[in-house]
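Asker: Just to be clear, the model below is a prediction. Sequence and coordinates:
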Amino acid sequence: MDRNKRDNNSQKDYSQMRFGQNDVLKGAASRYRRRKISRSGIAVILCSVLFIAVIAASLWHLGTRIVDEAAAKLNYEEVETLFAPEDKTPPPELFDKISVDSSASVKGDLILVNYQYPYAFPETEDHLVNIYDNKTDNYGVSYSNYLLDGHVLSVLNSVTGELFEVTGDKCVLIRSAYRSLADQQSIYDSYLADPNYGEQYVNDYVATPGYSEHHTGLAFDINIRLADGSYVLVRDYENLNTLSSILVSHGFVQRYEDAKSNITKIKNEPWHYRYVGIPHSYVMTKEHYCLEEYVEYLRALWEGVNTDSDVDAEVGTMLHVDAAGEISTCTEDTLPSEGYLIYYVKKSDEVKTEVKIPKSAKSYTVSGDNAGGFIVTVTLSEVTLPELKTLP
Ligand SMILES: [Zn+2]
């Protein structure tokens, strides 16, 4: 019984011992596997690195071949362009910058003087000369004390000389020219007091003192006095078309037409001419702009404001008159090489206003417009504009 028990115990111990041996064996196997895994892991990593290196080398070789083939397809100049260093040289400057006195925007051949914009009387009247003392014998003047801007008078001498050459006529009579503030006040008062004229006539034809174009010395009224001493109305003069064309070709415009009276606020005055200079008289006549419209048109072009013209204006648009008299628009990027350029500059709030002048200009003038800006006229090349038929 005891022996059995002991045997049972022995068996039991033996089995326990066997269990212990198994545990030892299991631990050794596990260590062996870990060693095995770390060795194979290193091998895998090494293989991966080798594999990636081989793939990368292959791709690099392939990429190089593609680039080489692409470059081979380009011609020499294209390759040069692709690999040339970036050109940092700025584009050549086409314009010089000058500065003008901002206060001069009330002076010049293109100033607007109308019911809205009064004339800024200068401190001196040095620019005015006596007509009678300085005229030729190709025309007459009503009063010996009439004055006109000196340059305008010399142009008027040319106009009447040409009229005499073409027609043999010496019939132009200057019946009004420069008017001081007191002159205009006197004219205004006398028309207002005369029952034959009165308030309506004054409203239609006579400018308020200070707002008359005659203050500028750039305007005059004419009459036609025939060889027999009789007078005809300007509109009835048989050579009016010739006279008008000659006036326009020398820089004058007929300032007040019925068709524009809603803008000028002055009725038709076929006797009143105003000097604006060339090429402005040509453009205004050809495009049928009165001075108010013309100044506004140039301003709108320069400021890129859409106008009712057939051109797309962008900021900095200028008017161009070519040698054939064709009128178009251009910008700094499409600067022409001949003819005239005309453009607007807004008056600065500072003492000086900066004005850009093309380096290619042969000559230029800057005139105020008396409405907050300047108008620049650039001569790129000497041009004789075609004659315009001014009347239908
Ligand atoms: Zn007048």
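Answerer: Nice, I can see it. Numbers count the residues shown, from 1 in each chain.

Asker: Next, count neighbours for Glu314.
Answerer: Other residues near Glu314 come to 12 when the count uses other CB atoms under 10 Å. C-beta here means a position set from N, CA and C on the backbone, and glycine is covered the same way.

Asker: Surely it and Thr329 touch.
Answerer: No. Taking CB atoms under 8 Å as the definition, Glu314 is not a contact partner of Thr329, at 9.3 Å.

Asker: Extract the residue ranges of this protein that are flagged as low pLDDT.
Answerer: Screening the chain residue by residue with the criterion pLDDT under 70, one finds the ranges 1-87, 306-312, 390-392.

Asker: Report the central residue of it.
Answerer: Among the residues of the chain, Gly316 comes closest to the average C-alpha position under CA atoms, centre = their mean, at 2.3 Å.

Asker: which SS class is that residue?
Answerer: Local secondary structure at Gly316 is given as coil here, using DSSP: H, G, I helix; E, B strand; the rest coil.

Asker: What of Ser337?
Answerer: Secondary structure for Ser337, judged by three-state DSSP, is coil.

Asker: if we can go back for a sec, please tell me how far the spatially closest residue to the residue nearest to the centre of the chain that is not a sequence neighbour sits from Tyr211.
Answerer: By the measure of CB to CB, 6 or more residues apart in numbering, the closest residue to Gly316 outside its immediate chain neighbours is Thr331, 5.4 Å from it. Computed with CB to CB, to the nearest Å, the distance linking Thr331 and Tyr211 is 36 Å.

Asker: try Asp137
Answerer: Asp137 is 35 Å from Tyr211, where distance means CB to CB.

Asker: Compare those two (neighbour count), which wins?
Answerer: More neighbours surround Tyr211 than the other of Asp137 and Tyr211, with 16 against 8 (other CB under 10 Å).

Asker: For the more buried one, which non-adjacent residue is spatially closest?
Answerer: Closest residue to Tyr211 in three dimensions, ignoring its sequence neighbours and counting by CB to CB, 6+ apart: Pro118, at 5.1 Å.

Asker: how about the one you found, secondary structure?
Answerer: Pro118 carries the three-state label coil when classified by three-state DSSP.

Asker: And Gly210, by the same measure?
Answerer: When the structure is reduced to helix, strand and coil (three-state DSSP), Gly210 reads as coil.

Asker: quick one: contacts for it?
Answerer: Residues touching Gly210, when contacts are defined by CB atoms under 8 Å, 6 or more residues apart in numbering, comprise 118-119, 181, 184.

Asker: And for the residue nearest to Tyr211, the neighbour number?
Answerer: When neighbours are counted by other CB under 10 Å, Pro118 registers 18.

Asker: Surely it touches Glu213?
Answerer: No. When contacts are counted by CB under 8 Å, Pro118 is not listed as touching Glu213 (11.1 Å).

Asker: what pairs with the residue in the stretch 101-250 of the chain that the ion sits nearest to across the strands?
Answerer: Evaluated by CB to the ion, the stretch 101-250 of the chain has Asp221 as its residue closest to the ion, separated by 4.1 Å. Bridge pairing for Asp221 (DSSP bridges) gives the partners Ser176, His272.

Asker: Could you tell me how far the closest residue to the ion within the chain is located from Ala207?
Answerer: With CB to the ion, the shortest gap between the chain and the ion falls at His272, namely 3.6 Å. Using CB to CB, one obtains 11 Å as the distance from His272 to Ala207.

Asker: got any residues that touch both of these two?
Answerer: With CB under 8 Å, 6+ apart, His272 and Ala207 have common neighbours Glu213.

Asker: can you list contacts of stretch 326-340?
Answerer: Contacts of stretch 326-340 with the rest of the structure, by CB under 8 Å, 6+ apart, involve 94-95, 279, 283, 286-287, 301, 311, 313-314, 316-323, 341, 358, 360, 377-381, 383.

Asker: Can you give the distance of it from its chain's centre?
Answerer: In terms of CA atoms, centre = their mean, to the nearest Å, the gap separating the centre of stretch 326-340 from the centre of its chain is 11 Å.

Asker: In it, which residues are buried?
Answerer: Buried residues in stretch 326-340, counted by 16 or more other CB atoms under 10 Å: 327, 329-330, 335-336, 339-340.

Asker: what's the span of that stretch, first residue to last?
Answerer: Counting by CA to CA, to the nearest Å, the length from the leading to the trailing residue of stretch 326-340 is 10 Å.

Asker: Stretch 171-185 now?
Answerer: Across stretch 171-185, first to last residue, CA to CA, it's 29 Å.

Asker: going forward, begin numbering at 750 instead of 1
Answerer: That works, and once the first residue is 750, the last one we named lands at stretch 920-934.

Asker: Only the buried residues of that stretch, if you could.
Answerer: Of all the residues in stretch 920-934, those buried under the rule 16+ other CB under 10 Å are 920-921, 923-928, 932-933.

Asker: Same check on stretch 1028-1045?
Answerer: Under 16+ other CB under 10 Å, the buried positions of stretch 1028-1045 are 1028-1035, 1038-1041, 1043-1045.

Asker: so of those, which ones are in helices?
Answerer: 1029-1035, 1040-1041, 1043-1045 (DSSP state H).

Asker: Just confirm Leu1137 contacts Leu996, I think it does.
Answerer: No. In terms of CB under 8 Å, Leu1137 does not count as a neighbour of Leu996; the distance is 10.5 Å.

Asker: which of those two has more neighbours?
Answerer: Neighbour totals were compared for Leu1137 and Leu996, and Leu996 leads with 26 against 15 (other CB under 10 Å).

Asker: Just the CA trace of stretch 850-857, in PDB.
Answerer: Provided in PDB are the C-alpha atoms of stretch 850-857 (Å, rounded to 0.1, in the frame of the first residue of the first chain):
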ATOM      1  CA  ASP A 850       4.400 124.600 -62.400                       C
ATOM      2  CA  SER A 851       1.000 123.200 -61.400                       C
ATOM      3  CA  SER A 852      -0.300 126.800 -61.300                       C
ATOM      4  CA  ALA A 853       0.400 127.000 -65.100                       C
ATOM      5  CA  SER A 854      -2.600 124.800 -65.800                       C
ATOM      6  CA  VAL A 855      -4.700 128.000 -66.300                       C
ATOM      7  CA  LYS A 856      -2.400 129.200 -69.100                       C
ATOM      8  CA  GLY A 857      -1.700 128.100 -72.700                       C
END
